[in-house]
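# give me the fold of what follows.
(one chain, ligands or ions: 1)
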Amino acid sequence: MKNCNSCFLIASDALKALRKLPDKYFSAVITSPPYWGIRDYGVKGQIGLEDNVHQYVLNLAKVFREVKRVLKDNGTIWLNIGDSYASGNRKYRANDKKYGARSMSIRPKNPKGIKNKDLIGVPWRLAFKLQQESWYLRSDIIWYKPNAMPESVKDRPHRNHEYLFLFSKKECYYFNNEGLKNCDGSKMRSVWKIARNSYNGNHFATFPESLVLPCIKSSTKKYDYVLDPFCGVGTVGKICNKLNRGFVGIDLNKEYINEAQKVIVTSTEILMNELKTFLS
Ligand SMILES: C[S@@+](CC[C@H](N)C(=O)[O-])C[C@H]1O[C@@H](n2cnc3c(N)ncnc32)[C@H](O)[C@@H]1O
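Numbers count the residues shown, from 1 in each chain. Below is the predicted model:
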(Lines give C-alpha, C1' and ligand atoms only; values in the text may rest on other atoms or scores of the structure.)
Protein backbone atom coordinates (compact mmCIF):
# COMPACT_ATOMS: atom_id res chain seq x y z
CA MET A 1 0.00 0.00 0.00
CA LYS A 2 2.98 2.34 -0.50
CA ASN A 3 2.35 3.35 -4.11
CA CYS A 4 0.53 6.70 -4.01
CA ASN A 5 -1.63 6.03 -7.00
CA SER A 6 -2.55 2.51 -5.96
CA CYS A 7 -5.98 1.13 -6.38
CA PHE A 8 -7.04 -2.14 -4.79
CA LEU A 9 -10.28 -3.86 -5.64
CA ILE A 10 -11.57 -6.70 -3.51
CA ALA A 11 -14.42 -8.99 -4.53
CA SER A 12 -15.74 -9.95 -1.12
CA ASP A 13 -18.31 -9.37 1.56
CA ALA A 14 -17.51 -5.94 3.03
CA LEU A 15 -17.20 -7.08 6.63
CA LYS A 16 -14.92 -10.01 5.80
CA ALA A 17 -12.58 -7.85 3.70
CA LEU A 18 -12.54 -4.98 6.19
CA ARG A 19 -11.40 -7.32 8.94
CA LYS A 20 -8.20 -7.88 6.96
CA LEU A 21 -7.37 -4.22 6.41
CA PRO A 22 -4.89 -2.35 8.64
CA ASP A 23 -5.86 -0.01 11.51
CA LYS A 24 -6.17 3.74 10.94
CA TYR A 25 -5.18 3.61 7.30
CA PHE A 26 -7.87 5.59 5.47
CA SER A 27 -8.44 9.33 5.53
CA ALA A 28 -12.00 9.08 4.27
CA VAL A 29 -14.73 6.62 3.44
CA ILE A 30 -17.11 7.52 0.64
CA THR A 31 -19.84 4.99 0.12
CA SER A 32 -23.38 4.16 -0.75
CA PRO A 33 -24.50 0.90 0.86
CA PRO A 34 -27.36 -1.06 -0.69
CA TYR A 35 -30.63 0.59 0.32
CA TRP A 36 -33.14 -1.47 2.28
CA GLY A 37 -35.67 -3.40 0.21
CA ILE A 38 -35.00 -1.45 -2.98
CA ARG A 39 -32.69 -3.56 -5.13
CA ASP A 40 -31.78 -7.17 -5.52
CA TYR A 41 -28.09 -7.31 -6.49
CA GLY A 42 -28.45 -11.03 -7.06
CA VAL A 43 -25.54 -12.12 -4.86
CA LYS A 44 -25.62 -14.38 -1.83
CA GLY A 45 -24.78 -12.51 1.38
CA GLN A 46 -25.92 -9.14 0.07
CA ILE A 47 -27.02 -6.47 2.51
CA GLY A 48 -30.39 -4.79 1.88
CA LEU A 49 -32.80 -7.71 1.73
CA GLU A 50 -32.98 -8.43 5.46
CA ASP A 51 -36.44 -9.42 6.70
CA ASN A 52 -36.65 -6.31 8.80
CA VAL A 53 -35.13 -2.87 8.77
CA HIS A 54 -33.75 -3.27 12.31
CA GLN A 55 -31.57 -6.16 11.17
CA TYR A 56 -30.46 -4.12 8.15
CA VAL A 57 -29.37 -1.26 10.40
CA LEU A 58 -27.55 -3.69 12.71
CA ASN A 59 -25.75 -5.29 9.76
CA LEU A 60 -24.58 -1.93 8.47
CA ALA A 61 -23.60 -0.81 11.98
CA LYS A 62 -21.37 -3.89 12.19
CA VAL A 63 -19.67 -2.91 8.92
CA PHE A 64 -19.18 0.65 10.15
CA ARG A 65 -17.59 -0.62 13.39
CA GLU A 66 -14.84 -2.14 11.25
CA VAL A 67 -14.75 1.03 9.17
CA LYS A 68 -14.05 2.94 12.37
CA ARG A 69 -11.04 0.76 13.06
CA VAL A 70 -9.52 1.27 9.62
CA LEU A 71 -10.25 5.01 9.55
CA LYS A 72 -7.65 7.49 10.80
CA ASP A 73 -8.65 9.34 13.97
CA ASN A 74 -9.07 12.55 11.98
CA GLY A 75 -11.03 10.78 9.23
CA THR A 76 -14.57 11.18 7.96
CA ILE A 77 -17.32 9.16 6.28
CA TRP A 78 -19.59 10.38 3.51
CA LEU A 79 -22.56 8.04 3.51
CA ASN A 80 -25.18 8.23 0.77
CA ILE A 81 -28.46 6.50 1.49
CA GLY A 82 -32.04 6.64 0.25
CA ASP A 83 -35.33 5.86 1.95
CA SER A 84 -38.02 3.31 1.19
CA TYR A 85 -41.73 2.84 1.72
CA ALA A 86 -43.42 -0.11 3.43
CA SER A 87 -44.04 -2.81 0.83
CA GLY A 88 -47.55 -3.40 2.17
CA ASN A 89 -46.31 -6.98 2.66
CA ARG A 90 -46.27 -7.48 -1.11
CA LYS A 91 -43.77 -10.20 -1.88
CA TYR A 92 -42.38 -8.78 -5.13
CA ARG A 93 -42.36 -5.63 -7.22
CA ALA A 94 -43.68 -6.20 -10.75
CA ASN A 95 -41.43 -5.65 -13.71
CA ASP A 96 -41.42 -2.02 -14.83
CA LYS A 97 -40.99 -1.92 -18.62
CA LYS A 98 -39.40 1.50 -18.54
CA TYR A 99 -37.26 1.11 -15.40
CA GLY A 100 -36.28 -2.56 -15.31
CA ALA A 101 -34.08 -2.14 -12.23
CA ARG A 102 -37.16 -1.46 -10.14
CA SER A 103 -38.50 -4.99 -10.33
CA MET A 104 -37.82 -7.15 -7.28
CA SER A 105 -38.36 -10.86 -6.86
CA ILE A 106 -38.11 -10.60 -3.06
CA ARG A 107 -39.43 -7.78 -0.88
CA PRO A 108 -39.06 -7.45 2.87
CA LYS A 109 -42.26 -7.38 4.94
CA ASN A 110 -43.44 -4.23 6.69
CA PRO A 111 -41.17 -3.63 9.68
CA LYS A 112 -42.76 -3.82 13.14
CA GLY A 113 -44.50 -0.56 13.97
CA ILE A 114 -44.71 0.47 10.31
CA LYS A 115 -48.05 0.54 8.51
CA ASN A 116 -48.75 0.03 4.82
CA LYS A 117 -47.69 3.10 2.84
CA ASP A 118 -45.51 4.48 5.67
CA LEU A 119 -42.21 6.08 4.73
CA ILE A 120 -39.72 4.06 6.78
CA GLY A 121 -37.10 6.70 7.52
CA VAL A 122 -34.21 4.31 6.83
CA PRO A 123 -31.49 7.00 6.49
CA TRP A 124 -32.27 8.50 9.88
CA ARG A 125 -32.58 5.11 11.57
CA LEU A 126 -29.07 4.34 10.37
CA ALA A 127 -27.76 7.82 11.19
CA PHE A 128 -29.05 7.60 14.77
CA LYS A 129 -27.61 4.12 15.19
CA LEU A 130 -24.18 5.30 14.05
CA GLN A 131 -24.45 8.35 16.29
CA GLN A 132 -25.22 5.99 19.20
CA GLU A 133 -22.08 4.06 18.27
CA SER A 134 -20.04 7.23 18.88
CA TRP A 135 -19.79 8.57 15.33
CA TYR A 136 -20.24 12.34 15.15
CA LEU A 137 -23.10 13.19 12.78
CA ARG A 138 -21.82 16.43 11.25
CA SER A 139 -24.14 17.08 8.35
CA ASP A 140 -27.23 15.83 6.54
CA ILE A 141 -26.96 16.86 2.94
CA ILE A 142 -29.96 16.65 0.67
CA TRP A 143 -28.94 15.30 -2.70
CA TYR A 144 -31.60 16.90 -4.90
CA LYS A 145 -31.92 15.03 -8.20
CA PRO A 146 -33.47 17.28 -10.84
CA ASN A 147 -33.86 14.28 -13.17
CA ALA A 148 -35.20 11.76 -10.61
CA MET A 149 -37.31 8.97 -12.06
CA PRO A 150 -41.05 9.64 -11.83
CA GLU A 151 -43.03 7.32 -9.55
CA SER A 152 -46.41 5.76 -10.27
CA VAL A 153 -48.10 6.88 -6.99
CA LYS A 154 -50.68 9.64 -7.09
CA ASP A 155 -51.32 10.33 -3.39
CA ARG A 156 -48.02 11.92 -2.32
CA PRO A 157 -45.25 14.05 -3.86
CA HIS A 158 -42.79 12.04 -5.95
CA ARG A 159 -39.42 11.79 -4.30
CA ASN A 160 -36.45 13.51 -5.89
CA HIS A 161 -33.91 13.50 -3.10
CA GLU A 162 -31.65 11.21 -1.08
CA TYR A 163 -29.39 11.85 1.91
CA LEU A 164 -25.66 12.22 2.11
CA PHE A 165 -24.49 12.14 5.72
CA LEU A 166 -21.11 13.39 6.87
CA PHE A 167 -19.79 11.60 9.97
CA SER A 168 -16.50 12.08 11.77
CA LYS A 169 -14.73 9.60 13.99
CA LYS A 170 -13.70 12.26 16.51
CA GLU A 171 -14.87 15.72 17.47
CA CYS A 172 -11.98 17.33 15.56
CA TYR A 173 -11.11 16.05 12.11
CA TYR A 174 -9.51 17.03 8.81
CA PHE A 175 -11.79 19.17 6.67
CA ASN A 176 -10.86 21.56 3.88
CA ASN A 177 -13.95 23.54 3.04
CA GLU A 178 -12.25 24.91 -0.09
CA GLY A 179 -13.17 21.48 -1.46
CA LEU A 180 -16.81 22.58 -1.41
CA LYS A 181 -16.19 25.49 -3.79
CA ASN A 182 -18.46 25.85 -6.83
CA CYS A 183 -17.10 27.13 -10.17
CA ASP A 184 -18.39 30.65 -9.34
CA GLY A 185 -16.48 30.67 -6.04
CA SER A 186 -19.54 30.18 -3.81
CA LYS A 187 -19.54 27.22 -1.39
CA MET A 188 -21.83 24.22 -1.64
CA ARG A 189 -24.20 24.25 1.31
CA SER A 190 -26.49 21.50 2.55
CA VAL A 191 -28.62 20.99 -0.57
CA TRP A 192 -26.67 19.65 -3.54
CA LYS A 193 -28.39 19.73 -6.92
CA ILE A 194 -26.80 16.93 -8.91
CA ALA A 195 -28.37 14.98 -11.75
CA ARG A 196 -28.53 11.24 -11.22
CA ASN A 197 -26.66 9.00 -13.66
CA SER A 198 -28.68 7.19 -16.21
CA TYR A 199 -28.22 3.43 -16.25
CA ASN A 200 -24.48 2.78 -16.20
CA GLY A 201 -23.45 -0.42 -17.99
CA ASN A 202 -23.94 -3.33 -15.69
CA HIS A 203 -24.92 -1.37 -12.58
CA PHE A 204 -28.06 0.65 -11.93
CA ALA A 205 -27.14 2.65 -8.82
CA THR A 206 -23.84 4.38 -9.52
CA PHE A 207 -22.62 7.61 -7.94
CA PRO A 208 -22.56 10.73 -10.14
CA GLU A 209 -18.98 11.98 -10.26
CA SER A 210 -19.99 15.46 -9.15
CA LEU A 211 -21.37 14.02 -5.91
CA VAL A 212 -18.08 12.33 -5.11
CA LEU A 213 -15.68 15.13 -6.10
CA PRO A 214 -16.47 17.55 -3.23
CA CYS A 215 -16.31 14.68 -0.72
CA ILE A 216 -12.81 13.68 -1.82
CA LYS A 217 -11.56 17.24 -2.11
CA SER A 218 -12.82 18.36 1.30
CA SER A 219 -11.86 15.25 3.27
CA THR A 220 -8.52 14.18 1.84
CA LYS A 221 -5.17 15.46 0.64
CA LYS A 222 -3.13 14.20 -2.30
CA TYR A 223 -1.87 10.63 -1.77
CA ASP A 224 -4.29 9.92 1.08
CA TYR A 225 -6.25 6.68 0.88
CA VAL A 226 -10.02 6.52 0.40
CA LEU A 227 -12.17 3.44 1.07
CA ASP A 228 -15.49 2.42 -0.44
CA PRO A 229 -16.72 -0.83 1.16
CA PHE A 230 -19.67 -1.04 -1.30
CA CYS A 231 -17.86 0.18 -4.40
CA GLY A 232 -20.07 -1.18 -7.19
CA VAL A 233 -18.37 -0.35 -10.48
CA GLY A 234 -15.77 1.80 -8.74
CA THR A 235 -16.91 5.39 -9.32
CA VAL A 236 -15.11 6.63 -6.20
CA GLY A 237 -11.91 4.87 -7.28
CA LYS A 238 -12.06 6.43 -10.71
CA ILE A 239 -12.16 9.94 -9.23
CA CYS A 240 -9.52 9.12 -6.60
CA ASN A 241 -7.26 8.16 -9.45
CA LYS A 242 -7.82 11.45 -11.24
CA LEU A 243 -7.13 13.38 -8.03
CA ASN A 244 -4.07 11.38 -6.98
CA ARG A 245 -5.61 9.59 -4.04
CA GLY A 246 -5.14 5.91 -3.32
CA PHE A 247 -8.27 3.77 -3.21
CA VAL A 248 -9.52 0.49 -1.83
CA GLY A 249 -12.88 -0.71 -3.11
CA ILE A 250 -14.83 -3.74 -1.93
CA ASP A 251 -17.92 -5.27 -3.54
CA LEU A 252 -19.58 -8.63 -3.12
CA ASN A 253 -20.43 -8.83 -6.81
CA LYS A 254 -17.46 -10.03 -8.90
CA GLU A 255 -18.98 -8.66 -12.10
CA TYR A 256 -18.98 -5.14 -10.68
CA ILE A 257 -15.38 -5.53 -9.54
CA ASN A 258 -14.44 -6.61 -13.07
CA GLU A 259 -16.21 -3.58 -14.44
CA ALA A 260 -14.46 -1.34 -11.90
CA GLN A 261 -11.14 -2.61 -13.22
CA LYS A 262 -12.08 -1.23 -16.62
CA VAL A 263 -13.46 2.05 -15.26
CA ILE A 264 -10.45 2.95 -13.14
CA VAL A 265 -8.28 3.60 -16.15
CA THR A 266 -4.85 4.43 -14.76
CA SER A 267 -4.92 1.46 -12.48
CA THR A 268 -5.47 -1.25 -15.02
CA GLU A 269 -2.34 -2.33 -13.21
CA ILE A 270 -4.65 -3.16 -10.37
CA LEU A 271 -2.29 -4.70 -7.97
CA MET A 272 -3.71 -8.14 -7.57
CA ASN A 273 -0.42 -9.64 -6.46
CA GLU A 274 0.32 -6.85 -4.10
CA LEU A 275 -3.22 -7.17 -2.86
CA LYS A 276 -2.63 -10.80 -2.01
CA THR A 277 0.40 -9.90 0.08
CA PHE A 278 -1.43 -7.03 1.63
CA LEU A 279 -4.35 -9.21 2.61
CA SER A 280 -2.33 -12.18 3.79
C1 LIG B 1 -25.64 1.37 -4.12
S2 LIG B 1 -24.51 0.23 -4.79
C3 LIG B 1 -22.98 1.12 -4.85
C4 LIG B 1 -22.69 1.73 -6.19
C5 LIG B 1 -21.40 2.50 -6.26
N6 LIG B 1 -21.45 3.71 -5.43
C7 LIG B 1 -21.03 2.90 -7.70
O8 LIG B 1 -20.91 4.09 -8.02
O9 LIG B 1 -20.91 1.99 -8.54
C10 LIG B 1 -24.27 -0.90 -3.45
C11 LIG B 1 -23.32 -2.04 -3.74
O12 LIG B 1 -23.19 -2.85 -2.57
C13 LIG B 1 -22.88 -4.18 -3.00
N14 LIG B 1 -23.12 -5.10 -1.86
C15 LIG B 1 -24.28 -5.62 -1.39
N16 LIG B 1 -24.06 -6.36 -0.29
C17 LIG B 1 -22.72 -6.32 -0.04
C18 LIG B 1 -21.88 -6.89 0.97
N19 LIG B 1 -22.37 -7.67 1.94
N20 LIG B 1 -20.55 -6.62 0.92
C21 LIG B 1 -20.02 -5.84 -0.08
N22 LIG B 1 -20.77 -5.30 -1.07
C23 LIG B 1 -22.11 -5.52 -1.05
C24 LIG B 1 -23.77 -4.39 -4.22
O25 LIG B 1 -23.23 -5.40 -5.05
C26 LIG B 1 -23.75 -2.99 -4.86
O27 LIG B 1 -22.81 -2.90 -5.91
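
# could you look up the SS state of Thr76?
Taking DSSP: H, G, I helix; E, B strand; the rest coil as the rule, one finds Thr76 in the strand state.

# now do the one 4 residues further on
Under three-state DSSP, Asn80 falls in the strand class.

# residues contacting it?
When the contact criterion is Cβ atoms under 8 Å, 6 or more residues apart in numbering, the partners of Asn80 are Thr31, Ser32, Trp143, Glu162, Tyr163, Leu164, Phe165, Phe207, Leu211. C-betas here are computed from N, CA, C, even on glycine.

# ok, now how distant is it from the ligand?
7 Å (Cβ to the nearest ligand atom, to the nearest Å).

# model confidence for that residue, exactly?
Residue-level confidence at Asn80 comes out at 98, pLDDT.

# and it, what are its bridge partners?
Counting by DSSP bridges, Asn80 is bridged to Leu164.

# and the protein, which of its residues are near the ligand?
Where the chain comes near the ligand, counting by Cβ under 6 Å from any ligand atom, the residues are 13-14, 32, 34, 41, 43, 45-47, 203, 205-207, 230-233, 235, 250-253, 256.

# among those residues, which ones are buried?
13-14, 32, 34, 41, 46-47, 203, 205-207, 230-233, 235, 250-253, 256 (16 or more other Cβ atoms under 10 Å).

# which ones among those residues are found in helices?
When DSSP state H defines the helices, the subset of those inside them is Ala14, Thr235, Tyr256.

# with pLDDT and distance to Lys222 as extra columns, can I get those residues in JSON lines?
JSON lines is the format used below for these (pLDDT from 0 to 100; distance: Cβ to Cβ, whole Å):
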{"residue": "Ala14", "pLDDT": "97", "distance to Lys222": "26"}
{"residue": "Thr235", "pLDDT": "94", "distance to Lys222": "20"}
{"residue": "Tyr256", "pLDDT": "93", "distance to Lys222": "27"}
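
# Throw these into CSV and include distance to Arg156, thanks.
Compiled in CSV, those are given as follows (distance: Cβ to Cβ, whole Å):
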residue, distance to Arg156
Ala14, 33
Thr235, 30
Tyr256, 33
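
# could you check how far the residue of the stretch 151-280 of the chain found nearest the ligand is from Val53?
Distances from the stretch 151-280 of the chain to the ligand, computed as Cβ to the nearest ligand atom, single out Gly232 as the nearest residue at 2.4 Å. In this view, Gly232 and Val53 are 22 Å apart by Cβ to Cβ, to the nearest Å.

# equivalent analysis for Gln261, please.
Taken as Cβ to Cβ, the spacing of Gln261 relative to Val53 amounts to 34 Å.

# in terms of neighbours, single out the busier of those two.
Taking Gln261 and Val53 together and counting by other Cβ atoms under 10 Å, Val53 has the greater number of neighbours (23 against 18).

# need the per-residue pLDDT for the more buried one.
For Val53, the model assigns a pLDDT of 93.

# tell me the contacts of it?
Shown here is Val53, whose contacts under the criterion Cβ under 8 Å, 6+ apart are Trp36, Gly37, Pro108, Pro111, Ile114, Ile120, Val122, Arg125.

# where's the last one, which helix or strand?
It refers to Arg125. Take DSSP states H and E as the rule and Arg125 turns out to sit in helix 122-132.

# same check, this time on Asn197
Using DSSP H and E, Asn197 falls within no helix or strand.

# how much space between it and Pro146?
When Cβ to Cβ is applied, the distance between Asn197 and Pro146 equals 13 Å.

# please apply the same query to Leu243.
Per Cβ to Cβ, Leu243 is found 25 Å from Pro146.

# what do you get for Asn241?
For Asn241, the distance to Pro146 under the criterion Cβ to Cβ works out to 28 Å.

# got it, and Thr31?
The separation that Thr31 has from Pro146, given Cβ to Cβ, amounts to 23 Å.

# out of those two, which sits in the more crowded spot?
Neighbours per residue, other Cβ under 10 Å: of Thr31 and Pro146, the larger number sits with Thr31, 26 against 9.

# now Phe26. Nearest residue, chain neighbours left out?
For Phe26, the nearest residue in space outside its immediate sequence neighbours is Leu227; the separation is 4.4 Å by Cβ to Cβ, 6 or more residues apart in numbering.
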